[in-house]
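J.: structural data only, the sequence is not supplied:
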């Protein structure tokens, strides 16, 4: 009986997926929207594009790159633009990410808006300066079992000025029947290194871009990306800093810390890094060396699944619990976070309980 129910449910789900795929195919192949005009910022620029695709993709094809950390799946809510005319109705995917005030201002997720006719939109002027870069993989080296460091030497343009904390959108190449996608990865190199870009990438099970990076991409291969994106960066204040990260969330923090070293910053800073076991730690020696080179910097790694009988003598438990235990009064601090949405949500609760107001908690929540 139970087996029959499961088979029936799977059949219905399969039918639904097939039906959805047919609808998408019909829209792309059967419906012909023809050329559509997209007017940007009251006529500062007007594009003519083929209708049928998303606004995010149409802009990218014309070298206007809207921030997107989730590859257009509608889960990061970074790709917001104002659609003044021609955007259609707000769909169920984007509705949860739009506040009443944003809805009133015609803010939309560009990855969910289809270009079906002429449109008028408004975007920040700064987005016109984002560029597509071509480079080659200078090195790719494993840091842990599921994290690699990739360094891309820039070919054209040959330099990319950026601020520590920003990210790029790396474009994968088609492989094994999978299409090219764009995914967001924070820059881990310091801003002084303008002729190359380093990033730290964690393998996502069945992830299109991360599988390409781990299994297909080789040293010397040509790659393309756009950037730099994001407003995540150190403030100009002299408040002490709390850095909190886990896994590949190390990337922007590592960039910030090296930037602080090069600028001879004297700000007090504590870096709490969460990992599962000792095998998941990386950059340990450089971070310990940084403790000697920065006047008031401490590195505090914490392991949440380290075997009890191991030789680990450092902190154990969830990184947020370690943070609350080590620094119960956080009222004077600023906090900089990078990691999974769940980790960031948990950290925000601890930070606010410790006395840090929301306007002194900074992060990019990558989905």
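T.: All right, it came through fine. As the structure is a computational prediction, the values presented were derived from the model and not from experiment.

J.: what segments of the stretch 151-300 of the chain are strands?
T.: For the stretch 151-300 of the chain, applying DSSP state E, counting those that start in this stretch gives strands covering 167-171, 182-186, 196-202, 222-229, 241-246, 269-275, 297-303.

J.: the stretch 1-150 of the chain now?
T.: Per DSSP E, counting those that start in this stretch, the stretch 1-150 of the chain carries strands over the ranges 35-40, 45-50, 80-85, 107-109, 119-122, 131-144, 147-156.

J.: export those as TSV, with columns for mean neighbour count and distance to residue 218.
T.: Backbone N, C-alpha and C define where each C-beta goes, glycine included. Listed next are these as TSV, based on neighbours: other CB atoms under 10 Å; distance: least, CB to CB, whole Å:
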stretch	mean neighbour count	distance to residue 218
strand 35-40	17	38
strand 45-50	14	34
strand 80-85	18	36
strand 107-109	24	35
strand 119-122	21	39
strand 131-144	16	7
strand 147-156	18	11
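
J.: switch these over to CSV; also include distance to residue 233.
T.: Output for those, formatted as CSV (distance: least, CB to CB, whole Å):
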stretch, distance to residue 233
strand 35-40, 26
strand 45-50, 27
strand 80-85, 19
strand 107-109, 23
strand 119-122, 24
strand 131-144, 19
strand 147-156, 21
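
J.: a markdown table please, covering those strands and showing distance to residue 203 and mean pLDDT.
T.: Below are the strands of the stretch 1-150 of the chain laid out as a markdown table (distance: least, CB to CB, whole Å; pLDDT from 0 to 100):
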| stretch | distance to residue 203 | mean pLDDT |
| --- | --- | --- |
| strand 35-40 | 37 | 96 |
| strand 45-50 | 35 | 94 |
| strand 80-85 | 29 | 96 |
| strand 107-109 | 27 | 96 |
| strand 119-122 | 36 | 96 |
| strand 131-144 | 10 | 97 |
| strand 147-156 | 7 | 98 |
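
J.: who wins for proximity to residue 352 among those strands?
T.: strand 80-85 (24.7 Å; CB to CB).

J.: got the contact list for the closest one?
T.: Strand 80-85 is contacted from outside by 55, 66, 102, 105-110, 113, 118-123, using CB atoms under 8 Å, 6 or more residues apart in numbering.

J.: farthest-apart pair in these, please.
T.: Across those, no pair lies farther apart than 102 and 118, at 22.9 Å, counting by CB to CB.

J.: contact partners for the closest residue to residue 98 other than its chain neighbours?
T.: Closest residue to residue 98 apart from its sequence neighbours, by CB to CB, 6 or more residues apart in numbering: residue 107 at 6.1 Å. Residue 107 sits next to 80-83, 98 when contact means CB under 8 Å, 6+ apart.

J.: at 7 Å instead, please
T.: 80, 82, 98 (CB atoms under 7 Å, 6 or more residues apart in numbering).

J.: now tabulate the residues you listed in TSV and tack on distance to residue 201.
T.: Putting these into TSV (distance: CB to CB, whole Å) gives the following:
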residue	distance to residue 201
80	25
82	32
98	30
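
J.: one step back: would CSV of the strands of the stretch 151-300 of the chain with mean pLDDT, mean neighbour count and distance to residue 42 be doable?
T.: Below are the strands of the stretch 151-300 of the chain laid out as CSV (pLDDT from 0 to 100; neighbours: other CB atoms under 10 Å; distance: least, CB to CB, whole Å):
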stretch, mean pLDDT, mean neighbour count, distance to residue 42
strand 167-171, 94, 24, 27
strand 182-186, 92, 25, 28
strand 196-202, 98, 22, 34
strand 222-229, 95, 20, 24
strand 241-246, 97, 26, 40
strand 269-275, 98, 23, 44
strand 297-303, 98, 20, 47
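
J.: ok, which of those strands comes nearest residue 59?
T.: Counting by CB to CB, residue 59 lies closest to strand 222-229 out of the strands of the stretch 151-300 of the chain; the figure is 11.1 Å.

J.: each with direction, which strands does that closest one pair with?
T.: Strand pairing for strand 222-229, determined by DSSP bridges: strand 131-144 (antiparallel), strand 167-171 (antiparallel).

J.: turn these into CSV, including distance to residue 271.
T.: Below are these laid out as CSV (distance: least, CB to CB, whole Å):
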stretch, distance to residue 271
strand 131-144, 16
strand 167-171, 19
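
J.: tell me which of the ones you listed sits nearest to residue 219.
T.: Among the strands paired with strand 222-229, strand 131-144 sits nearest to residue 219 (CB to CB), with 5.1 Å.

J.: can you give me the neighbour number for residue 312?
T.: By other CB atoms under 10 Å, the residues close to residue 312 number 15.

J.: ok, it touching residue 302?
T.: No - using CB atoms under 7 Å, residue 312 is not in contact with residue 302; the gap is 10.0 Å.

J.: cool, thanks, signing off.
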